[in-house]
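> Sequence and predicted model, in that order:
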Amino acid sequence: MSDNKRVRVRFAPSPTGPLHMGGVRTALYNYLFAKKHGGDFLLRVEDTDQTRFVKGAEEYIMEALDWSGISPDEGIAQGGEYGPYRQSERKPMYRQYADQLIASDHAYYAFDTSEELTRMRDLAKESGSANWQYNHITRSTMRNSLTLPADEVEKLLADGTPYVIRIKLPRNHEVKFEDRIRGWVAVNTNNMDDKVLFKSDGMPTYHLANIVDDHLMEITHVIRGEEWLPSAPLHVLLYEYLGWEAPEFAHLPLLLKPDGNGKLSKRDGDRLGFPVFPLEWTNPETNEVSSGYREKGFYAESFVNMLAFLGWNPGDNREILSLEELIDAFSLEKVGKAGSKFDFEKAKWYNEQYLRANSNETLAAQLKPVLAEHNIEISDDRLAAICGLVKERAIFVRDLYEKSTYMFASDFEYDEKTMRKKWKDDSAEILTELKGRLEGVEDFSEANTEATFKGMLEEKGLGFGKVGPIFRLALTGLGMGPSLFEISEILGREEVLNRIDRLIATAA
Ligand code: GLU
């Protein structure tokens, strides 16, 4: 790439289903790279394979990027000067380049029917070679414009005989290019096949459409998944044959299953116990629902932070980085070559960190919709205090409620095991004593109730284990939880006394 060119990168998914989290990571790295270099991030929908089109996928992809906070600068929704951004709408643009390649003897017409191709594959299989390819050797035995007489080719074309256009790869030619992540990549054309560039349905294939669009959209860097690395030599040749400057390439490492055994795939769905999609997805044909990070309660910021670290790191020990900080720290040179194992526990850890970093007031605002589902009304101050009480125990906003339900209702059940183990003959008497002392506490602050409680232990010569667990049982119904005195302060004196009475009455 020549210097001083404005950086332009694209995310180019095919709308064949929901976007996989690996796809979001690819989009994210493109976004970070663009922003780092003051460039443009485009979304181009590669829908040339109409047979694989899935309803709703395109909308899903756009929504997923918006939710992640990495909306494109140009795309279907945003528009832009290089549109249309959907390949099916660019259909008339591609043919001329296929024709140009034929004219320069870098491509040819192939008339072989699918039956003929299948027959060749079967024959090859019978003679022990599993991978029959249409290539510089086999093409001489097939029905194409390289083997048929020119007038016959003319006639077939004039008759409207279905054909495809294939690239004509040279024999024994080394294709070399430097990948920003993998270094030099060299492939001999003897190991490549004459890929179809243009299909009988009048549509280009991925390969042709992809490079034509990258050229026309002035893409400077192609940052995409490793699964496209085998296609890159073909793309490099196409750029050369069309007389265009190739963009720089960066092929990202794979995202692996947690055990490292293979690529984390869309098909993994919820099978491994975690979502593989950013947003929930309902398959339009089967109505099967796959879970999404958003619906699981992940913050978009923590999801993106976590994704950024799957294959890249800033080179220091920071782990929590905002999108702005990610942009600042990002470089392709720090992207690793090795596949990155996905770790759902780490994903949750990220969310926990983001949750804790919020103020109690912010968490209260986030928790409100959850409470509304349970018809709970509570003042903002009290709710903020409750959030502060349990935020160290929560991963998701929803947990704030689940870990503190006893703060919203006093008719909870008592944990049987704690009751059995901790309720003793003298428990009612001890609680009555505690109640009497708490009744006299005017300012029911955490410090005051704690001092009263400890004073009683000291005077009576009681250990914490004798009083603490039954007091907690009275306040929360549970055997474990946050500070008893913080809970007391938030509940207030009346409620604390009532709860003590309720336990005594229940246990008696
Ligand atoms: N349409 C391809 C995909 O679905 C794009 C690959 C590329 O970025 O070149 O991933």
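Alright, I've got the coordinates. Numbers count the residues shown, from 1 in each chain.
> Which residue does the stretch 101-250 of the chain have closest to the ligand?
Nearest residue of the stretch 101-250 of the chain to the ligand (C-beta to the nearest ligand atom) works out as residue 224 at 3.5 Å. Placement of C-beta: from N, CA and C, glycine included.
> That residue: what's its closest spatial neighbour, skipping adjacent residues?
With C-beta to C-beta, 6 or more residues apart in numbering as the criterion, residue 224 has its nearest non-adjacent residue at 6.0 Å, and that residue is residue 26.
> on that earlier part again, the residue of the stretch 101-250 of the chain closest to the ligand and residue 181, how far apart?
11 Å (C-beta to C-beta, to the nearest Å).
> more crowded one of these two?
residue 224 (24 against 20; other C-beta atoms under 10 Å).
> so what's the residue of the stretch 51-200 of the chain found nearest the ligand up against?
Of all residues in the stretch 51-200 of the chain, residue 87 sits closest to the ligand, at 8.8 Å by C-beta to the nearest ligand atom. Residues counted as contacts of residue 87 (C-beta atoms under 8 Å, 6 or more residues apart in numbering) are 44-48, 204, 209, 213.
> Would you quantify the distance from it to residue 46?
Taken as C-beta to C-beta, the span from residue 87 to residue 46 is 5 Å.
> quick one: contacts for the closest residue to residue 332 other than its chain neighbours?
The shortest distance from residue 332 to any non-neighbouring residue, by C-beta to C-beta, 6+ apart, is to residue 180 (4.5 Å). By C-beta under 8 Å, 6+ apart, the residues touching residue 180 are 221, 248-250, 332-333.
> circling back: what residues are shared contacts of residue 87 and residue 46?
Shared contacts of residue 87 and residue 46, counting by C-beta under 8 Å, 6+ apart, come down to residue 209.
> got the residues of this structure near the ligand?
Contact residues, the chain versus the ligand (C-beta under 6 Å from any ligand atom): 12-14, 46, 206, 210, 224, 228.
> With secondary structure as extra columns, can I get those in JSON lines?
Rendered in JSON lines, the data for the residues of the chain next to the ligand read as follows (DSSP: H, G, I helix; E, B strand; the rest coil):
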{"residue": "12", "secondary structure": "coil"}
{"residue": "13", "secondary structure": "coil"}
{"residue": "14", "secondary structure": "coil"}
{"residue": "46", "secondary structure": "coil"}
{"residue": "206", "secondary structure": "helix"}
{"residue": "210", "secondary structure": "helix"}
{"residue": "224", "secondary structure": "strand"}
{"residue": "228", "secondary structure": "helix"}
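> picking that back up, partner residues bridging the residue of the stretch 101-250 of the chain closest to the ligand?
When assigned by DSSP bridges, residue 224 has beta-bridge partners residue 251.
> Quick check: phi and psi at residue 45.
phi -90, psi 120 (degrees, to the nearest 10).
> Identify the residues contacting the helix or strand that contains residue 499?
For residue 499, the host element (DSSP states H and E) is helix 493-507. Residues outside helix 493-507 that contact it (C-beta under 8 Å, 6+ apart): 410, 414, 419, 423, 427-428, 431-432, 434-435, 438-439, 441, 444, 449, 470-471, 473-475, 488, 491.
> For that helix, buried residues please.
By neighbour count on 16 or more other C-beta atoms under 10 Å, the buried set for helix 493-507 is 493, 495-497, 499-500, 502-504.
> For the ligand, what is the nearest residue in the stretch 251-400 of the chain?
For the stretch 251-400 of the chain, C-beta to the nearest ligand atom, closest residue to the ligand: residue 251, 9.6 Å.
> what number of residues lie near that residue?
23.
> still on that earlier bit, just put the buried residues of helix 493-507 in a markdown table and tack on pLDDT.
Formatted as a markdown table, these follow (pLDDT from 0 to 100):
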| residue | pLDDT |
| --- | --- |
| 493 | 98 |
| 495 | 98 |
| 496 | 98 |
| 497 | 98 |
| 499 | 98 |
| 500 | 98 |
| 502 | 98 |
| 503 | 98 |
| 504 | 97 |
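> ok, back up a step: what's the overlap in contacts for residue 224 and residue 181?
Common neighbours of residue 224 and residue 181 (criterion: C-beta under 8 Å, 6+ apart): 250-252.
> Nearest residue to residue 264 in space, please, no chain neighbours.
The nearest residue in space to residue 264 (C-beta to C-beta, 6+ apart) is residue 255, at 4.8 Å.
> give the contact list for that neighbour.
Residue 255 touches 21-22, 25, 263-264, 310-311, 339-340, 342, counting by C-beta under 8 Å, 6+ apart.
> and with 6 Å instead?
Residues in contact with residue 255 (C-beta atoms under 6 Å, 6 or more residues apart in numbering) are 22, 264, 310, 340, 342.
> Kindly report the same for residue 378.
Residue 378 neighbours (C-beta under 6 Å, 6+ apart): none.
> For it, what is the enclosing helix or strand?
Using DSSP H and E, residue 378 maps to neither a helix nor a strand.
> returning to that earlier point: how much space between the residue nearest to residue 332 and residue 330?
12 Å.
> quick one on the thing from earlier: among the contacts of residue 255, which one has the lowest pLDDT?
Lowest in pLDDT among the contacts of residue 255 is residue 264, which has 91.
> my guess is that one meets residue 257, correct?
Yes: at 5.2 Å, residue 264 counts as touching residue 257 under the criterion of C-beta atoms under 6 Å.
> Just want to know which of those two has more residues nearby.
residue 264 (22 against 18).
> so who does the more buried one touch?
Taking C-beta under 6 Å, 6+ apart as the test, what residue 264 contacts is 255, 257, 342.
> quick one: contacts for the second one?
For residue 257, the contact set (C-beta under 6 Å, 6+ apart) comprises residue 264.
> From residue 274, how far out is it?
Applying C-beta to C-beta, the value for residue 257 to residue 274 is 11 Å.
> coming back round to it: now, of the residues of the chain next to the ligand, which are buried?
Buried members of those, counted by 16+ other C-beta under 10 Å: 12-14, 46, 206, 210, 224, 228.
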